[in-house]
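Chemist: Need the 3D shape of this:
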Amino acid sequence: MGDASGLPVKTRELHSHHFDSTIWNDLQFRDDDIIISTYAKSGTTWVQQIVAQMLFGGDPELAVADMSPWLDLRVPPKAVKLPMVEAQTHRRFIKTHLPVDALVFSPRAKYLYIGRDGRDVVWSMYNHHFNANATWYDALNNTPGRVGPPIEPPPTDIRQYWRDWIDRDGHPFWPFWENIRSWWAIRDLPNVKLIHFEDLKRDMPGEMRRIAAFLDIPIDAARWPKIVEYCSFDWMKANATKSVPLGGAFWDAGAEVFINKGVNGRWHDTLSDAESAAYEARAVAELGPECAAWLAGGSR
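Modeler: Have a look, this model is predicted:
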């Protein structure tokens, strides 16, 4: 996966109802670009908010979803999206859900990868999918250029959703285990930092300071309390239209559905002990014990 310098190289393209990875082939990187990556539903929007508020010194009016586009989402198409990204004059912070080998990797950009237990991912993803409206399905399925089958409404039973996701590796979105493995494999590169949803929940201000140090963002001590306030779950929930794509137009209940509960462990009430143990064994088999332990709980 790496070249002679040890840096990752792109080896494939990913296309689906969501993805068009070819847009990365045409991005002109800048030396200070920030790439924010997750599998999905792992704290992406939260970290975008954190980076934005630290870059801009605490500004409640930032339209973070517009400032930090999901580059490999095929809606709008790259002919529309790429010129918008190229026209940005602030320090760019771009979102991706791709595994490393489907990205063009820049040695100059800084990469943040957020991990979260797969069980928590699925419960958050179900809320996201179940509440999506006709506009969401129309955009993903009917925008020209879709490769592969359309995305269908989810089953009403979350247990069935879980079984489909685990048995078909990420269905109906994209493979889970390869995404985690690919980023874990490059965790020691100097321009890559792994962070975890649980660590953000345990000590958000401390994690924010560590992220700022990694990204070389100076912090104004006088503005710090406001920066932290604007990154809290309660503030983001109350102001969700600023951080959610299209102000939440893809969900009839609005942007607040996208920023749902911000809690982990909801699967405890649904999965049996045997199902949970099977997931944990699968994680070790797919990722190895060290990575599986990190994915389950961060740095604890």
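Chemist: next helix or strand past the lowest-mean-pLDDT helix or strand in the chain?
Modeler: Using mean pLDDT, DSSP states H and E, the weakest-scoring helix or strand in the chain turns out to be helix 255-258, at a mean of 51. Using DSSP states H and E, the helix or strand that directly follows helix 255-258 along the chain is helix 273-287.
Chemist: So which residues make contact with that following helix?
Modeler: 118-119, 162, 166, 177, 180-181, 184, 267-268, 271, 292, 295-296 (Cβ atoms under 8 Å, 6 or more residues apart in numbering). C-betas here are computed from N, CA, C, even on glycine.
Chemist: quick one: the strands in the stretch 51-200 of the chain?
Modeler: 93-96, 110-115, 192-196 (DSSP state E, counting those that start in this stretch).
Chemist: Show me the contact partners of the first one.
Modeler: The list of residues contacting strand 93-96 from outside it, by Cβ under 8 Å, 6+ apart, reads 24, 33-37, 44, 48, 51-52, 55, 67-72, 85, 103.
Chemist: for the longest one, same thing?
Modeler: When contacts are taken as Cβ under 8 Å, 6+ apart, the neighbours of strand 110-115 outside the stretch itself are 32-38, 42-44, 47, 51, 180, 183, 187, 189, 191-197, 211, 214-215, 294-295, 298.
Chemist: Can you turn the buried part of those into a PyMOL selection?
Modeler: Selecting only the buried entries of those in PyMOL, with 16 or more other Cβ atoms under 10 Å as the criterion:
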select buried, resi 33+34+35+36+37+38+42+43+44+47+51+180+183+192+193+194+195+196+197+211+214+215+294+295+298
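Chemist: circling back: just the buried ones among the contacts of helix 273-287, please.
Modeler: When those are checked for burial by 16+ other Cβ under 10 Å, the buried set is 118-119, 162, 166, 177, 180-181, 184, 267, 271, 292, 295-296.
Chemist: and the least confident of those residues?
Modeler: Lowest in pLDDT among those is residue 267, which has 88.
Chemist: Next, count neighbours for residue 124.
Modeler: Residue 124: 23 surrounding residues under other Cβ atoms under 10 Å.
Chemist: Let me know the pLDDT of the residue nearest to it when sequence neighbours are not counted.
Modeler: Leaving aside its sequence neighbours, residue 124 sits nearest to residue 41 (Cβ to Cβ, 6 or more residues apart in numbering; 3.9 Å). Residue 41 is assigned a pLDDT of 94 by the prediction.
Chemist: In contact with residue 291, which residues?
Modeler: Residues counted as contacts of residue 291 (Cβ under 8 Å, 6+ apart) are 180-181, 184.
Chemist: Kindly report the same for residue 288.
Modeler: Counting by Cβ under 8 Å, 6+ apart, residue 288 makes contact with nothing.
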